[in-house]
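Colleague: Predicted coordinates and the sequence they were generated for:
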Amino acid sequence: MAPKPLIPDSQLLFSAELATAVGLAEAVLLQQIKGLYLHQPSTRREGLAWLHISRAYLLQLLPFWSAAELQTVCDSLESLGLIVIDRKIAAQDSLLLAINETPIEETTTTVQAPTMVSPSVAAIAKAIPDQASTAKVPAAVPKPPAPRPGKREGQPLPPDFQPSEDMLELLERFHGVPRGFALQQIEDFTLYWRERGSAGHAWQNRFKQHVQFQWARQQQEATGVDHAGQRGTGTTRRTRDSSLESDLTDTSWAE
């Protein structure tokens, strides 16, 4: 006699999620019963599809169980509300049972009060769906990310530009620049930027930088001496003015 293969052709399949919810043995038997609906005739009664199954046939499908163990697993599934067993009609050597779930074709649009569904029944509907309900619903398409705002375009200096009262007060209070001196710089400031024709932002702050530079240069010219107490040469003074102008007119922050 040929030796029996270690791995037979027929294999058992069951849902790991269902086994976690109701138990391994219960998941194996329930999956087998579900598969029998594809090959065995069923009888519609009381909203359920009833199967008349021979115990010997079930034990042939599940040879690792004894008759007592098979009965124990059936009782467990019945106590969980996953199957219904009719013990009045079925013969002693057979089972008349039905999976306790509502078929898809019997669903209606009638609005009913919400009912509590046990986790085990919900696990069945998800783990062993009917063939008619296996179509996948496409996932929602994610929205594209919002575009990043572009660089804000500047505006040319207004022809009627005037420093605000707040700016004049700030220059006088915090930078020691007299109001009259600041107002005298308006003409030079507007002529300079109109000749350049440049567009920019924050003209009030640019005017503040211009006034600070002119005030600092006037203070240097009035002093006329360097840090060593000696009158500086023209080259030294021009170098210092160039450095100061670079610091006070730096507008990279406003671009």
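Modeller: Sure, I can see it. Please read all numbers here as calculations on a predicted model, not as lab measurements. Residues are numbered from 1 along each chain as shown.
Colleague: What ranges does the stretch 51-200 of the chain have for its helices?
Modeller: 55-61, 67-79, 119-127, 165-175, 179-184, 186-196 (DSSP state H, counting those that start in this stretch).
Colleague: Mean neighbour count, those: which tops it?
Modeller: Ranked by mean neighbour count, the helices of the stretch 51-200 of the chain are led by helix 119-127 with a mean of 16 (mean count of other C-beta atoms under 10 Å). The C-beta positions use only the backbone N, C-alpha and C, and glycine is treated the same way.
Colleague: For stretch 13-23, give the mean pLDDT please.
Modeller: For stretch 13-23, the mean per-residue pLDDT is 85.
Colleague: ah, wrong one, I meant stretch 58-67
Modeller: 90.
Colleague: what do you get for stretch 165-176?
Modeller: Rounded mean pLDDT across stretch 165-176 is 92.
Colleague: contacts for that stretch?
Modeller: Contacts to stretch 165-176, defined as C-beta atoms under 8 Å, 6 or more residues apart in numbering, come from residues V177, P178, R179, A182, L183, Q204, F207, K208, V211, Q212, W215.
Colleague: Tell me who's in contact with the fifth one.
Modeller: By C-beta under 8 Å, 6+ apart, L183 lies in contact with P163, L168.
Colleague: picking that back up, need the max-distance pair from the contacts of stretch 165-176.
Modeller: For these, the maximum inter-member distance is 18.2 Å, found between P178 and Q204 (C-beta to C-beta).
Colleague: Please name whichever of the helices of the stretch 51-200 of the chain is nearest to H39.
Modeller: helix 55-61 (10.8 Å).
Colleague: ok, I83 - how many residues close by?
Modeller: 24 (other C-beta atoms under 10 Å).
Colleague: got any ranges where the stretch 1-150 of the chain has weak pLDDT?
Modeller: For the stretch 1-150 of the chain, applying pLDDT under 70 flags the ranges 1-10, 90-91, 102-150.
Colleague: ranges for the strands of it?
Modeller: Secondary structure of the stretch 1-150 of the chain by DSSP state E, counting those that start in this stretch: the strands cover 42-45, 48-54, 83-85, 94-99.
Colleague: With the stretch 151-255 of the chain instead?
Modeller: Under DSSP E, counting those that start in this stretch, the stretch 151-255 of the chain gives strands at 155-156, 199-200.
Colleague: For the last one, which strands pair with it and how are they oriented?
Modeller: Pointing back at strand 199-200 there. According to DSSP bridges, strand 199-200 has the following sheet partners: strand 155-156 (antiparallel).
Colleague: Quick one: residues in contact with the strand it pairs with.
Modeller: G197, S198, A199, G200, H201.
Colleague: ok, and the closest non-adjacent residue to the first one?
Modeller: If I follow you right, that is G197. Distances taken as C-beta to C-beta, 6 or more residues apart in numbering place P156 nearest to G197, at 7.1 Å, with adjacent residues excluded.
Colleague: coming back round to it: mind giving me JSON lines with the strands of the stretch 1-150 of the chain and columns for distance to Q11?
Modeller: Below are the strands of the stretch 1-150 of the chain laid out as JSON lines (distance: least, C-beta to C-beta, whole Å):
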{"stretch": "strand 42-45", "distance to Q11": "24"}
{"stretch": "strand 48-54", "distance to Q11": "20"}
{"stretch": "strand 83-85", "distance to Q11": "23"}
{"stretch": "strand 94-99", "distance to Q11": "22"}
